[in-house]
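> Build me a model:
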Amino acid sequence: MTIQREWVTPIAAGAFLISAVTGVLIFFHVDSGLNKVAHEWLSWVLLGGVALHVAANFSGFRRHLGSHRGQILLGLFVLVLGWGVAGVAWATLIAEWAGLALGLYLCRQALVGGRWRD
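Numbers count the residues shown, from 1 in each chain. Presented below is the predicted three-dimensional model:
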């Protein structure tokens, strides 16, 4: 069975966006009743989507972890700082915000120009 990127990438991206939005709402204590439940359960969808995304793009993932940058980033948050699991959580937080910033940057022309309404 081949994992198709056409399905896996949108699942991971959509779950990330929902998780990011509900996480921000929880952080700022904006509660609509289902924020926490949606965040907790859809985080499992995010984990599954990311795992399938890594499996579909395993050669690139392996290349990244084989690079010096990938090893330094992993070591920095887990070993060098001695943060253990907390370091992984911080790395995840930074990666999520960096992904959001990159996504907004890549979509900036459509967002500013109003083409997203078409």
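> only C-alpha atoms for contact and neighbour calcs from this point on.
OK.
> Now find how far off-centre stretch 41-55 is within its chain.
9 Å (C-alpha atoms, centre = their mean, to the nearest Å).
> List the buried residues of it.
Within stretch 41-55, the residues scored as buried using 16 or more other C-alpha atoms under 10 Å are 42-43, 45-46, 48-50, 52-55.
> what do you get for stretch 68-76?
Applying 16+ other C-alpha under 10 Å to stretch 68-76 flags 74, 76 as buried.
> Next one: residue 49 from residue 36, what distance?
Residue 49 is 20 Å from residue 36, where distance means C-alpha to C-alpha, to the nearest Å.
> separation between residue 76 and residue 15?
Counting by C-alpha to C-alpha - residue 76 and residue 15 are separated by 27 Å.
> ok, now residue 90?
19 Å.
> okay, these two: which has more neighbours?
residue 15 (22 against 14; other C-alpha atoms under 10 Å).
> where does the chain have low pLDDT?
1, 77, 79-88, 113-118 (pLDDT under 70).
> Nearest residue to the middle of it?
residue 96 (4.6 Å; C-alpha atoms, centre = their mean).
> what's the burial count for residue 23?
Neighbour number of residue 23 under other C-alpha under 10 Å is 17.
> Name the nearest residue to it, ignoring sequence neighbours.
residue 39 (6.6 Å; C-alpha to C-alpha, 6 or more residues apart in numbering).
> Where does that neighbour fall, secondary structure wise?
helix 35-56 (DSSP states H and E).
> Which strands or helices does that helix pack on?
Applying 3 or more C-alpha pairs under 8 Å, 6 or more residues apart in numbering; DSSP states H and E, one finds that helix 35-56 contacts helix 5-27.
> Run the angle between the helix it packs on and helix 35-56 for me.
150 degrees (axes from the mean of the first three to the mean of the last three C-alpha atoms, to 10 degrees).
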